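K.L.:
Provide a 3D model corresponding to the input given below.
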Amino acid sequence: MNTVSRDWLNKLHKVELHLHLEGSLEPELMFKLAQKNQITLPFESVEQVRQAYQFSNLQDFLDIYYQGANVLLEEDDFYDLTWAYLTKCHEQNVIHVEPFFDPQTHTDRGVPFGTVVKGISRALKDAESQLGISSKLIMCFLRHLSEDEAFKTLAQAEPFLDLIIGVGLDSSELGQPPQKFSRVFAKARELGLLTVAHAGEEGPAEYVWTAINDLKVSRVDHGVRSTDDPKLMKYLIETRMPLTVCPLSNTKLCVFDDMSQHNILAMLEQGVCVTVSSDDPAYFGGYMTENFVALAESLDMSKDQAISIVKNSIEASFASKERKQQMMELL
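P.N.:
Purely as a prediction, here's the structure:
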């Protein structure tokens, strides 16, 4: 590895903008909650779960991801899930997070919306007071479900909008263009919510355009296919539209065959506002530090590039002006 050591990268203050809380469910906690809630898992051991974490595409991963989420039933389960993630953030010097949660994954199983959001929010609040980690929470719609279902979820969220900063769009991308959700995103914006969306991961660069023009997003999640479209790249550079890139996720799901092929640093050098996040770290082999280490090892990322990525993340975050200034001063 080059002069950028793991220790230096771990100590670097970091900001995470693309993290699915359900995707931070480690096998140990999955088994513990399954036992507590008397749920039978299709795995016999933690080792067997880890062996199952070999995916050839996004759908392979989602099948296991939704199975794992079945163990989350009570408010304390969502608290424990979120707290475990935040503890890991604290160990890795992550000072601000903007996690996603998928309410439909839970409400479709009969878990009330309030149970989910209250458990998560309580942990986020505790992390601010006890660990110094600031946060903003984003609710995602599942794109393989209908827009009508998304409208129902938005209605369920209305009593809790003081706990949520924005809405996102995740799950299977192929064949599910962003414009399928244009009306519900318009309604979310009317309610004062910011918008983000997954686009240009497995889907084409065209989906990135649609997320920007149709859904009026403040950030594009993933967006690595943007390099296929020179006009889009020019737009991203000129407008500083952020991309929340997840390197380990991209290689684990075979968007790139190998980390050495990843385009994040090339985009950074061209002036794109790229950021680094861990996506679903329990499934993809690493949290924030591991993602930065992978870029240092495979792409020879320099200290200056690592700091630029964090600065981009601060700029792209939904934190207050004052908080952004505080975070910049730590670099």
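K.L.:
from here on, just use CA atoms for contacts and neighbour counts.
P.N.:
Will do.
K.L.:
residue contacts, residue 79?
P.N.:
Taking C-alpha atoms under 8 Å, 6 or more residues apart in numbering, we find residue 79 in contact with 119, 120, 121, 122, 123.
K.L.:
the last one sits in which helix or strand?
P.N.:
Yep, that's residue 123 we're talking about. helix 113-131 (DSSP states H and E).
K.L.:
just checking, what packs against that helix?
P.N.:
Helix 113-131 sits against helix 75-91, helix 103-107, strand 134-135, with contacts defined as 3 or more C-alpha pairs under 8 Å, 6 or more residues apart in numbering; DSSP states H and E.
K.L.:
want to throw the ones you listed into CSV with distance to residue 42?
P.N.:
Converted to CSV, the helices and strands packed on helix 113-131 look like this (distance: least, C-alpha to C-alpha, whole Å):
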stretch, distance to residue 42
helix 75-91, 20
helix 103-107, 18
strand 134-135, 34
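K.L.:
how about the ones you listed, which one is nearest residue 284?
P.N.:
Among the helices and strands packed on helix 113-131, helix 75-91 comes nearest to residue 284, with 14.2 Å by C-alpha to C-alpha.
K.L.:
what does whichever helix or strand comes after the closest one contact?
P.N.:
Using DSSP H and E, the helix or strand that follows helix 75-91 in sequence is strand 94-97. Under the criterion C-alpha under 8 Å, 6+ apart, residues 13-17, 89, 132-136, 288, 327 lie in contact with strand 94-97.
K.L.:
now with 10 Å, please.
P.N.:
Identification of contacts with strand 94-97 by C-alpha atoms under 10 Å, 6 or more residues apart in numbering yields 10-19, 86-90, 124, 127-128, 131-137, 277, 287-289, 313-314, 317-319, 323-324, 327, 330.
K.L.:
which members of those residues are classed as buried?
P.N.:
Neighbour-count burial (16 or more other C-alpha atoms under 10 Å) is assigned, among those, to 10, 12-19, 86, 89, 124, 127, 131, 133-137, 277, 287-289, 313-314, 317-319, 324, 327.
K.L.:
which of those fall in helices?
P.N.:
Using DSSP state H, the subset of those located in helices is 10, 86, 89, 124, 127, 131, 288, 289, 313, 314, 324, 327.
K.L.:
and which of those residues is nearest residue 46?
P.N.:
residue 86 (21.4 Å).
K.L.:
measure the closest residue in space to that closest one that isn't next to it in sequence to residue 134 for me?
P.N.:
Leaving aside its sequence neighbours, residue 86 sits nearest to residue 127 (C-alpha to C-alpha, 6 or more residues apart in numbering; 6.8 Å). Separation of residue 127 from residue 134 (C-alpha to C-alpha, to the nearest Å) stands at 7 Å.
K.L.:
got it, and residue 319?
P.N.:
8 Å.
K.L.:
run a quick neighbour tally on the nearest residue to residue 276 once chain neighbours are set aside.
P.N.:
Computed as C-alpha to C-alpha, 6+ apart, the closest residue to residue 276 that is not its neighbour in sequence is residue 245, at 5.1 Å. By other C-alpha atoms under 10 Å, 24 other residues sit near residue 245.
K.L.:
try residue 164
P.N.:
18.
K.L.:
identify the residues contacting it.
P.N.:
Here residue 164 is in contact with 100, 117, 121, 136, 137, 138, 139, 157, 158, 193, 194 (criterion: C-alpha under 10 Å, 6+ apart).
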